[in-house]
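# coordinates for the following, if possible.
(2 chains)
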Amino acid sequence: MRIPVDPSDWLILIPEFILLGTAIAILMIDAFAKAASDRSSPWISLAGTAGAIVAAVFLWGNPLSGFGGMIVNDDFGVLVSTAILTGTALAVLISVDYVRREELPAGEYYALILLSTIGMLLMVSSANLIMIFLSLEVLSIALYVLTGFARMRPRSQEAGMKYFLLGSFSAAILVYGVALIYGATGTVDLQSIADELISPGVLGNPVLLAGAGLVLVGLGFKVAAVPFQMWTPDVYEGAPSTVAAFMSIGSKAAAFAALVRVLIFAMGGLRPEWLAAVWVIAALTMTVGNLVAIAQDNIKRMLAYSSIAHAGYILVAVAAANRLGLQSIPFYLIAYAFMNLGAWAVVTAVTRKGEEAVGLSDYSGLFWSHPVLAGSMGLFMFALAGIPPTAGFTAKIYVFMAAVAADMIGLLIIAIVTTIISAYFYLRVTVIMFMERPAEPPVVTVPTPLAVAIAVAAAGTIWLFLFPGVTQSFTDTVARLL
Amino acid sequence: MLPAHYYLMLSAVLFTTGTLGVLIRRNPIIMFMSIELMLNAANLAFITFSRYQRSLDGHIFVFIIMTVAAAEVAVGLGIIISIFRTRTDINIDDLNIMKG
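Residues are numbered from 1 along each chain as shown, chains lettered A, B, ... in the order given. As a prediction, this is how the structure comes out:
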């Protein structure tokens, strides 16, 4: 294997390099001017993320492939990268006061967020199974540290430990799957795998099927699909809320991009074999995620199960593997970035005795003391439940249309029924906020950066409902990749 | 040269041992060692396939995996030490404030 590097190859990685430069700058400032770093690092990282978004958009409509086919830039990648970078920017905004309040080391915190984002962006543009593994580790190792970042809190330690063990376990499974695929096809390049699959001798090879299964399991852990979801609620509950918000968008979006590249672009020829597995995983994920969320009275755990359930809906689009499915995945991820980060932003604002107030009862009567905050939380709950006028509704409709187009009526029915079930626990939060009277109101602090994040998330949630056409015209170009 | 399936069997045995170790053992360090065993099983498989297909790719991937494993060790042991400092015992069953 020769990897000829053309100077133009570096163009593809401009967003990653901007983030890398920003992360190193933050670490340097942190090392030499601690006081300045505590104040400036959120804004520097916000500027870096904005720069990366501009660079990613600049790469739009300009399909490139570089580093010997290891890295590609296509419109699908650009859209998912935009979703990830939006999530990062919003996560940085909600972190500004959270990091100060929790007395976390600011420089390291923001540097790790950016380094993890680099891994996510690389994973989105990986065109090679080994690149997928490598970028998965880049994003995960930074996230392990971030999860256990509140070192003095036993919950954070425990979450860091669990995430680390299960994360590296899943990565090991993934890489063994890669090894088997390499053995069966003689290559790890996604395009070459797709070419190999044309020959019937390779198609029925059990080694290939086992490898594909293990890769599916490894990525299933990252997107938090049932039955590989057991780490999710504990990690989301124990991790600092801003970190949970960040990884619920970024690592999910990145893993879904990799899943699409592996299952649809590389192994589209194997769809008859993997469809049954993905079908069952999607059905289980939607059902278990939504049903168990009902039983939660901790809002962070509820959001964790909600994120599991949403992975199920995106998996429906993956299983459909048609043009509509491919279009709906980036749309869903962008919509999910807005509505989910909005909900997490509200969670960080509600405190009691200096601790986060995470019980559902802490939200009772929030509307009567903080109408705007409760109103936006209501909006995000509506969006997550898929009720108009929100982006969540549009995103679900696209997924359902993809399922119809692929003739997956069984899965469609499960998706619709679980959506209706999910309305119960999302709307319960709204009912608690609007109808009940607070016994002892929690302390609510909404500093300006947090308010901006909530406003942007709310605006995005409504905007994507009112003008899905803008994003649609982008996703149309994505569909042509198939 | 031994037939390829000798090495592949060994690699599969290592991988299974590692998987079972993660699932059964309750000490995080042992669980982590089992994960390393799984990574090395993948390494052995890569080397075998690479050798028998006469391509060099697999050898390169082994270096990548070893580098990643080293980075994981640094972070993992860091997390384990930070827990050990506050509670002097790291049995995974005691890490149960949250029930998944």
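
# can you count the residues close to residue B:85?
Neighbours of residue B:85 under the rule other CB atoms under 10 Å in any protein chain shown: 10. Glycine gets a C-beta too; all of them are placed from N, C-alpha and C.

# again with residue A:296
Considering only other CB under 10 Å, residue A:296 is surrounded by 18 other residues.

# apart from its neighbours in sequence, what residue is nearest it?
Nearest non-adjacent residue to residue A:296, counting by CB to CB, 6 or more residues apart in numbering or on different chains: residue A:302, 4.2 Å away.

# A helix includes residue A:65, no?
No - under DSSP: H, G, I helix; E, B strand; the rest coil, residue A:65 sits outside any helix and is assigned strand.

# gap between it and chain B?
Taken as CB to the nearest CB, to the nearest Å, the spacing of residue A:65 relative to chain B amounts to 18 Å.

# can you tell me the SS state at the closest residue in space to that residue that isn't next to it in sequence?
Distance criterion CB to CB, 6+ apart; nearest residue to residue A:65, sequence neighbours excluded, is residue A:72 at 4.6 Å. Using three-state DSSP as the criterion, the local structure at residue A:72 reads strand.

# residue A:72 contacts residue A:78, correct?
No - using CB atoms under 8 Å, residue A:72 is not in contact with residue A:78; the gap is 10.7 Å.

# so what's the residue nearest to residue A:296 up against?
If a contact means CB atoms under 8 Å, 6 or more residues apart in numbering or on different chains, then residue A:302 has A:293, A:296, A:360, A:425, A:429 as its contacts.

# between the two ends of stretch A:382-392, how far is it?
Between the start and the finish of stretch A:382-392 there is a gap of 8 Å, counting by CA to CA, to the nearest Å.

# how much space between residue A:263 and residue A:278?
When CB to CB, to the nearest Å is the yardstick, residue A:263 and residue A:278 sit 7 Å from each other.

# so what sits against both of the two?
When contacts are counted by CB under 8 Å, 6+ apart, the set common to residue A:263 and residue A:278 consists of A:216, A:318.

# so which helix or strand takes in the residue sitting nearest the centre point of chain B?
Against the mean C-alpha coordinate of chain B, by CA atoms, centre = their mean, the closest residue is residue B:36 at 2.0 Å. When secondary structure is defined using DSSP states H and E, the element that contains residue B:36 is helix B:28-53.

# now the helices for chain B?
B:4-24, B:28-53, B:57-87 (DSSP state H).

# now do residue A:328 against residue A:411, distance only.
Noted for residue A:328: a distance of 14 Å to residue A:411, by CB to CB.

# err, residue A:458, not the other one
Using CB to CB, one gets 31 Å for the distance from residue A:458 to residue A:411.

# helix or strand: which one has residue A:340?
Under the assignment here (DSSP H and E), residue A:340 is part of helix A:323-349.

# in that helix, what counts as buried?
Neighbour counts using 16 or more other CB atoms under 10 Å in any protein chain shown place A:323-349 of helix A:323-349 among the buried residues.

# now that helix: average pLDDT?
For helix A:323-349, mean pLDDT rounds to 92.

# after it, which helix or strand is next?
Beyond helix A:323-349 on the C-terminal side, the first helix or strand identified by DSSP H and E is strand A:350-352.

# show me what that next one packs onto, helices and strands only.
Using 3 or more CB pairs under 8 Å, 6 or more residues apart in numbering or on different chains; DSSP states H and E as the contact definition, the elements that strand A:350-352 packs against are strand A:443-444.

# and the contacts of the strand it packs on?
Outside of strand A:443-444, the residues that reach it under the criterion CB under 8 Å, 6+ apart are A:349-352, A:357, A:366, A:369-370, A:373.

# how does it look with 10 Å?
For strand A:443-444, contacts defined as CB atoms under 10 Å, 6 or more residues apart in numbering or on different chains pick out A:346, A:349-355, A:357, A:366, A:369-370, A:373-374.

# from the residues you listed, which is closest to chain B?
The shortest separation between chain B and any of these is 14.1 Å, and it belongs to residue A:355 (by CB to the nearest CB).

# quick check: phi and psi at that closest one.
Here the main-chain torsion angles of residue A:355 (degrees, to the nearest 10) amount to phi -100, psi 160.

# burial of it, as a residue count?
Around residue A:355 sit 11 other residues, with neighbours defined as other CB under 10 Å.

# over to the one 3 residues further on?
Residues lying near residue A:358 (other CB under 10 Å) number 20.

# residue ranges in the chain under the pLDDT threshold?
Answering for chain A, as no chain was given. Residues of chain A that meet the criterion pLDDT under 70 lie in A:1-4, A:470-482.

# ah, no, chain B please
Screening chain B residue by residue with the criterion pLDDT under 70, one finds the ranges B:88-90, B:92, B:95-96, B:99-100.

# if we use 50, what do you get?
Within chain B, no range satisfies pLDDT under 50.

# for the longest helix seen in chain A, buried residues please.
The helix spanning the most residues in chain A, taking DSSP H as the definition, is helix A:154-185. Of all the residues in helix A:154-185, those buried under the rule 16+ other CB under 10 Å are A:155-185.

# ok, the residue lying closest to residue A:153 once chain neighbours are set aside - how many residues close by?
Among residues not flanking residue A:153 along the chain, residue A:238 sits closest, at 7.8 Å (CB to CB, 6+ apart). Counted with other CB under 10 Å, the burial measure for residue A:238 works out to 27 neighbours.

# next: residue A:287.
The burial count for residue A:287: 18, using other CB under 10 Å.

# wait, what's in contact with it?
The neighbours of residue A:287, taking CB under 10 Å, 6+ apart as the test, are A:226, A:309, A:312, A:414-415, A:417-418, A:421.

# hang on, it in a helix?
Yes - per three-state DSSP, residue A:287 lies within a helix segment.

# what residues does the stretch 201-350 of chain A have near chain B?
A:207, A:210-211, A:214, A:229-238, A:298, A:300-301, A:304 (CB under 10 Å from any CB of the partner chain).

# hmm, 8 Å instead?
Taking CB under 8 Å from any CB of the partner chain as the criterion, the stretch 201-350 of chain A approaches chain B at residues A:230-234, A:237-238.

# give the ChimeraX command for selecting the buried subset of the contacts of strand A:443-444.
Selecting just the buried residues from the contacts of strand A:443-444 in ChimeraX takes one command, with 16+ other CB under 10 Å as the test:
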select /A:346,349,350,351,357,366,370,373,374
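
# which parts of the stretch 351-482 of chain A are strands?
Applying DSSP state E, counting those that start in this stretch to the stretch 351-482 of chain A gives strands spanning A:355-356, A:443-444.

# and the first one, what does it pack onto?
In terms of contact count using 3+ CB pairs under 8 Å, 6+ apart, strand A:355-356 is assigned no packing partners among helices or strands.

# picking that back up, buried set for the helix holding residue B:36?
B:28, B:31-32, B:34-50, B:52-53.

# touching, residue A:60 and residue A:77? I think so.
No - with the criterion set as CB under 8 Å, residue A:60 and residue A:77 do not qualify as a contacting pair; they are 10.0 Å apart.

# the two: which is more packed in?
Neighbour comparison, residue A:60 and residue A:77: the larger count goes to residue A:77, with 29 against 16 (by other CB under 10 Å).

# helix, strand, or coil at that one?
Strictly by three-state DSSP, residue A:77 counts as helix.

# next one: the residue lying closest to residue B:32 once chain neighbours are set aside from residue B:86, what distance?
On the basis of CB to CB, 6+ apart, the spatially nearest residue to residue B:32 that is not a chain neighbour turns out to be residue B:76, at 5.5 Å. According to CB to CB, residue B:76 stands 17 Å off from residue B:86.
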